[in-house]
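**Q** whatever this is, show me its structure:
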Amino acid sequence: MSRDPWTVAIVAYDGLCTFEFGCMAELFGTSQPEIDPWYTLRVCSVTPGPNKAAGGFKITAPYTLRALDRAGTIIIPGWRRP
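**A** Modelled structure (predicted):
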């Protein structure tokens, strides 16, 4: 399977760093009509179901980690303590 340079995958996880996630989602997930082609954003999750993010909210990602297989860019916004 080949990677698509225009697909960006952001990994969501329990304890997600919201600032870093928000910056990347805004950058790659907001359409830029003056720039064509623009990126396709895939938010994928380490675990199924909602993940608790910093700041008290939850995020449910529509994709699994299988989305990483095709992504040209993979972003892990911060990480939780081991």
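**Q** my read: Ala71 touches Thr7, true?
**A** Yes: here Ala71 reaches Thr7: they are 4.8 Å apart, a contact under CB atoms under 8 Å. C-beta: built from backbone N, CA, C; applies to glycine.
**Q** so between these two, which is more surrounded?
**A** The neighbour count for Ala71 versus Thr7, taken as other CB atoms under 10 Å, is higher for Ala71 (22 against 18).
**Q** for the more buried one, what are phi and psi?
**A** Backbone dihedrals for Ala71, given as degrees, to the nearest 10, come out at phi -70, psi 130.
**Q** what are the bridge partners for the residue nearest to it when sequence neighbours are not counted, then?
**A** In space, and not counting its chain neighbours, Ala71 is closest to Ala9: 3.7 Å by CB to CB, 6 or more residues apart in numbering. Using DSSP bridges, the bridge partners assigned to Ala9 are Arg42, Ile74.
**Q** what is the burial count for Ala9?
**A** One way to gauge burial is a neighbour count; for Ala9, by other CB under 10 Å, it gives 24.
**Q** quick revisit: what do Ala71 and Thr7 both touch?
**A** Arg42 (CB atoms under 8 Å, 6 or more residues apart in numbering).
**Q** enumerate every residue touching the residue nearest to Ala71.
**A** Going by CB under 8 Å, 6+ apart, the list of residues near Ala9 reads 41-44, 63, 67-68, 71, 73-75.
**Q** buried subset of the residues you listed?
**A** With burial judged by 16 or more other CB atoms under 10 Å, the buried subset of these is 41-44, 63, 67, 71, 73-75.
**Q** the contacts of Ala9: which two are farthest apart?
**A** The widest separation within those, taken as CB to CB, falls between Tyr63 and Thr73 and amounts to 14.4 Å.
**Q** next one, pLDDT for the residue of the chain positioned farthest from its centre please.
**A** Of all residues in the chain, Glu34 has its C-alpha farthest from the mean position, at 22.9 Å, by CA atoms, centre = their mean. Turning to Glu34, the model gives it a pLDDT of 91.
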